[in-house]
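Visitor: pasting the structure only:
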């Protein structure tokens, strides 16, 4: 076949009028024939796999049609696919003689109590414990009712339709093995700690009420720096020394005022001596002039003292009056500096009286240092920042609609980074912003975090959660046990006699009020009690059968 095609492509039919022109170009004719042959082979390679696939699907359909192959139905999964057609309940997918829905005498329905408006479910086990599918009637304690009340008051819960009647349905299997065949696993309802919270991204920062920015009160030149970033400091400790001419002038003015007061005091004393010696007229005149001069010198001294106080220097004039001029100069030279710096073993050798000490105003750690010796500084530039890291701030960004559930004092838990193994740190809400962020449309919430060991770092990002409610004994089921059937949350409760020989293999449809949930479990506020057995894995099969049978109702 291929040789014939090759012969045809090599000698294509030509019209009589074009025979001469074509025969005059043999090379072009041969190239065109090969191109057409390669194109045909490419088309054949693309078409054959598709043709084979279509043929295989047609064969599968033909075999299925003649063998009666179909997708398994729920009735077959339930174990009744081969039941006698004369004894078959098509509506509920079980044998007519065994159907508890069609034959209520096989499993009499319990007394109905209707819809519970307190807990928002039908046939409420909290109000009527006898509806629970357990051997002995359970006891509902005041603590159980208080737990449900707290859960309903904490947040708005999804409500169930009070007119829905799906809770009256019972889904039946033929045998226990048919339940396994349908892929349904069951678990008992149990009690477990659950935490209801609001999650939000957050950031750790320094407590701004415990951060001090130190700058020089006077312009000058940095003479000495004693602390670096990360160094711990105590309140009153000297951070740096600033060589400021204004400090030297203030000290000089004080010395002059002190000397002037001493001089005017001696003049007044001489005038008083003249009076005592009997030279009343001359002595009285000099006394008046001397008193005025002393008063003026005292005012000047007070002004000089205030200038030093404004710079942070504390002086006691009464203690300095008896010192010699050399002692006064030495005292003022080391004024404001640690007393040990005046000794020969001082870590800093003081050679000037112009030094202004920059002191820490609180205990903490140096977190910023923006100064080096020799730099010219003034009061507008912070030289060092000291933070008390024993307490930190946590700021969370929460949605505006969640704010109504918050209050001051609520506990907050924060996990740094994305590692779930990181230890959580805890604190309490101390501030809720009164404004919404213009860009993110979130509300900032702040919590205080204790940091006694200093392990928390400022500007650390992570995930926080505000704890709204913490239940040590919440009633829980696996997340996959809870199904939404269109207007209500339901679980499928296994009948208490399910494992008994000859008892109908039934699952009861139970309405539930759902609370909080985590990665694995869902809290049930009301609807089931501990000890009842519910469908977990594969409960979607039961939901599908429930919805199928509900089609057309209402």
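Guide: It's in. If you're wondering where the values come from, they're calculated on a predicted model, not measured in any experiment.
Visitor: tell me the contacts of residue 534?
Guide: By CB atoms under 8 Å, 6 or more residues apart in numbering, the contact list for residue 534 reads 186, 187, 188, 189, 477, 481, 491, 492, 493, 494, 510, 528. To be clear about C-beta, it is placed using only N, CA and C from the backbone, and glycine gets the same treatment.
Visitor: Hmm, I typed the wrong one, I wanted residue 467.
Guide: Listed by CB under 8 Å, 6+ apart, the contact set of residue 467 reads 195, 196, 197, 410, 411, 412, 413.
Visitor: The contacts of residue 534 in strands, which ones?
Guide: The strands, defined by DSSP state E, take in 186, 187, 188, 477, 491, 492, 493, 494, 510 from the contacts of residue 534.
Visitor: Of the residues you listed, which is the most crowded?
Guide: Using other CB atoms under 10 Å as the neighbour test, these are led by residue 493, with 29 neighbours.
Visitor: can I assume that residue is in contact with residue 529?
Guide: No. With contact defined as CB atoms under 8 Å, residue 493 does not count as touching residue 529 (9.9 Å).
Visitor: what's the overlap in contacts for these two?
Guide: Counting by CB under 8 Å, 6+ apart, residue 493 and residue 529 have no contacts in common.
Visitor: Do a quick rundown of the strands in the stretch 401-550 of the chain.
Guide: For the stretch 401-550 of the chain, the strands defined by DSSP state E, counting those that start in this stretch occupy 411-416, 425-432, 442-450, 460-478, 483-484, 489-494, 505-511, 513-517, 521-526, 533-535.
Visitor: Name the residues that touch the shortest one?
Guide: It stands for strand 483-484. With contact meaning CB under 8 Å, 6+ apart, strand 483-484 is reached by 489, 490, 491, 492, 539, 540, 542, 543.
Visitor: Generate a PyMOL selection restricted to the buried entries among those residues.
Guide: What follows is the PyMOL syntax for the buried subset of these, where burial is set by 16 or more other CB atoms under 10 Å:
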select buried, resi 489+490+491+492+539+542+543
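Visitor: of the ones in strands among the contacts of residue 534, closest to residue 98?
Guide: Within those, the smallest distance to residue 98 is 17.3 Å, found for residue 494 (CB to CB).
Visitor: Among the contacts of residue 467, which one has the most neighbours?
Guide: Neighbour counts for those peak at residue 412, which has 26 neighbours (criterion: other CB under 10 Å).
Visitor: Now that one: closest residue in space, sequence neighbours ignored.
Guide: Using CB to CB, 6 or more residues apart in numbering and skipping the chain neighbours, the partner closest in space to residue 412 is residue 447 (4.2 Å).
Visitor: count of neighbours near that neighbour?
Guide: Neighbours of residue 447 under the rule other CB under 10 Å: 25.
Visitor: what does residue 464 give?
Guide: Residues within reach of residue 464, counting by other CB under 10 Å, total 28.
Visitor: who does it bridge with?
Guide: residue 200, residue 414 (DSSP bridges).
Visitor: and the residue nearest to residue 412, what pLDDT?
Guide: Listed pLDDT for residue 447 reads 96.
Visitor: For residue 414, see how far away it is.
Guide: Relative to residue 414, residue 447 is positioned 8 Å away (CB to CB, to the nearest Å).
Visitor: Now list whatever residues contact both of the two.
Guide: 394, 427, 464.
Visitor: coming back round to it: roughly how far does the residue nearest to residue 412 sit from residue 364?
Guide: Residue 447 is 21 Å from residue 364, by CB to CB.
Visitor: again with residue 110
Guide: Going from residue 110 to residue 364 by CB to CB gives 69 Å.
Visitor: Residue 429 too?
Guide: Per CB to CB, residue 429 is found 25 Å from residue 364.
Visitor: thought residue 470 was touching residue 151?
Guide: No. Checked against CB under 8 Å, the pair residue 470 and residue 151 is beyond contact range at 11.4 Å.
Visitor: who's more crowded, these two?
Guide: When residue 470 and residue 151 are compared for neighbours, residue 151 comes out ahead with 25 against 13, by other CB under 10 Å.
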